[in-house]
Every structure is written in structure tokens, then in C-alpha cells.
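S.K.: When you get a sec, could you give me coordinates for this:
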Amino acid sequence: MSLRPLALTALCICDPAAKVQAVQSLWAKQKDVVVLTNEVIVNDSAQTLPGRPELPRLIPAQQVPTRTPFTPEGLAALMHAVCHIEFNAINLALDAVWRFSNMPAPYYTDWLRVAYEESQHFEMLHTHLQSLGHRYGDFDAHDGMWHMCQKTANDVLARMALVPRTLEARGLDATPLIQTKLRKAATPAALQAADLLDIILREEVGHVAIGNHWYRWLCEQRGLDPVAFYSELAKRYEAPKLRPPFNKEARKRAGFTEAELDYLLGG
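M.R.: Numbering: from 1, shown residues only. You can find the predicted model right below:
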């Protein structure tokens, strides 16, 4: 069995529970799977990637209503939004595995591990969402992360720069702010949600670190300065402008250098 076609198969699965099961099964049997780094794979599925359920309805980010944890419905909507992020993160990691050839073997196992951990995050959050009387798909969502995935489909360097270490790193900044609101709401369900986000934040630091590692490796291979070239990529691909506050402590643990943090604060 070859890892990258199996990752594409998992990416094509629409049902969230089935996708989670496929990812976790692939992770469990990874020692039996061969990584062919130079294997060119063509998606011959008639389905548009990624595989996902008919719901939630995807709308422009500007139209997604504000979610407050201070009402039961608002808390459910907030948890649904985080669920949606984690479901997207499974797809983003799987796409990083199957799409790009000729990377070192550890690159593929790194991103398979990310897909596995994101599937665990989705399961945890979805279980909590169901305890609130809702399921994934009950609220509208947006598709900003996958749009950047599509934009960077032809260059692994751009993908590493603008998905894990830009869009996903934004979660390092946003999560503590969400947790503050949840703890202020102080209901048992809100406090449980804040505790779940502690687990997720800790592991997301590692995921962003993987993006940083492979971005720098690729820059070194191509003789590029990581900070200067990031600025060029952000403009070329119209990446969202990142605004403070930044979780500098988490970003440092994820491998951001002082020069990169200075760029964020000054850019």
C-alpha cells in the first residue's frame, strides 16, 4: 500500500465520521504503508475536493454571524465554528500528503500525524457539540482555509508558508481570546469547551511547528530568505493581513523567529 493515494482516498470521503475513521485507520497502520516520494498522483475522482457533507452551508466569511458563548445557542454556534475549522484542518493535512511529490519521506508522515490529531480534535469537539443538542452541519460556515489551499495547489513552498504558518497559526492567536470568553460565560458547558481548547492549542503549536520546519527547509533548498520571501508570497497570493494581538509565546514554541515576529508586528 502507498501512503499518498490512501491519503487522497480519505480526502475524498464526504461523511465526517467516515473520514475520521479512515484517517485514524491509516495512522494506525502507517508502518505497513510505503512512502513513495516521487509518485505522481492524479485525482481522477469525479468529485470536487475536498470530500465533505452537504451541510454546513458555506457562505462568505463576512456573512457568518457573530457567535457569543453567553447563550446556549451562541455557545453551540461557537463550538460548531471550531468543529468546522478542525474538519477543514483534516482535509488540509491530507491534501498536503497526497498532492506534493518529491518531498522527503518525513514530510508525508509529519502531515499524516497532523491529519490524525486533527481528526481527534474534531471528534472531541463534535461530541461536545452533540451534548449541546446540535451536530456538525447545523450552522452556516465559511471556506476561507480551503480557498488558500486551492490557490497554493501548485507550489508546496507557498502552501507551507500560507496555510499552516499563516491561517492555522492564526488559531494560536485566537484560541486564548475565545477561552477568555468561555470562562467568562462560566457555564459548565462553556468551561468544558475552554478545557478542550487547551488540549487543541497545545497540539496546534506542534502542527504550526511542522509548517515552519518544512517552509524553512524549502527556502534553504531554493536559496531564499524565509522572512523576505514570505512577504513576497503573502502579496502574490493575497493572504489575509494578520493583525494583533499575537500569541507570541505560542508562536515562539511553534518555531517563529524574532525576525518573523518583528515582521508581523511591523507588517
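S.K.: Just name whatever secondary elements the helix or strand bottoming out on mean pLDDT in the chain is in contact with.
M.R.: Ranking every helix and strand in the chain by mean pLDDT, DSSP states H and E puts helix 258-266 at the bottom, with a mean of 88. Packing contacts for helix 258-266, counted by 3 or more CB pairs under 8 Å, 6 or more residues apart in numbering; DSSP states H and E, involve helix 226-236, helix 248-253. C-beta here means a position set from N, CA and C on the backbone, and glycine is covered the same way.
S.K.: which residue ranges form the helices in the stretch 101-250 of the chain?
M.R.: 105-131, 144-151, 156-162, 170-185, 188-222, 226-236, 248-253 (DSSP state H, counting those that start in this stretch).
S.K.: Okay, domains of this structure per the record?
M.R.: In the assignment given by automatic domain parsing, the structural domains of the chain cover 1-47+72-142, 147-267.
S.K.: which of those domains is buried the deepest?
M.R.: Per-stretch averages of neighbours, counted by mean count of other CB atoms under 10 Å, single out domain 1-47+72-142 among these, with a mean of 19.
S.K.: Check the separation of the first and last residues in that one.
M.R.: End-to-end span of domain 1-47+72-142 (CA to CA, to the nearest Å): 35 Å.
S.K.: Using JSON lines, lay out the helices and strands packed on helix 258-266 together with distance to residue 85.
M.R.: Below are the helices and strands packed on helix 258-266 laid out as JSON lines (distance: least, CB to CB, whole Å):
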{"stretch": "helix 226-236", "distance to residue 85": "21"}
{"stretch": "helix 248-253", "distance to residue 85": "16"}
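S.K.: coming back round to it: ok now the least confident helix or strand of the chain, how far from the chain's centre?
M.R.: 22 Å (CA atoms, centre = their mean, to the nearest Å).
S.K.: on that earlier part again, quick one: which of the helices and strands packed on helix 258-266 is nearest residue 170?
M.R.: Of all the helices and strands packed on helix 258-266, helix 248-253 sits nearest to residue 170, with 10.3 Å by CB to CB.
S.K.: same for the closest one, what does it pack against?
M.R.: Secondary elements touching helix 248-253 (3+ CB pairs under 8 Å, 6+ apart): helix 170-185, helix 188-222, helix 258-266.
S.K.: per-residue confidence averaged over the first one?
M.R.: Same thing as helix 170-185. Regarding helix 170-185, the rounded mean pLDDT is 96.
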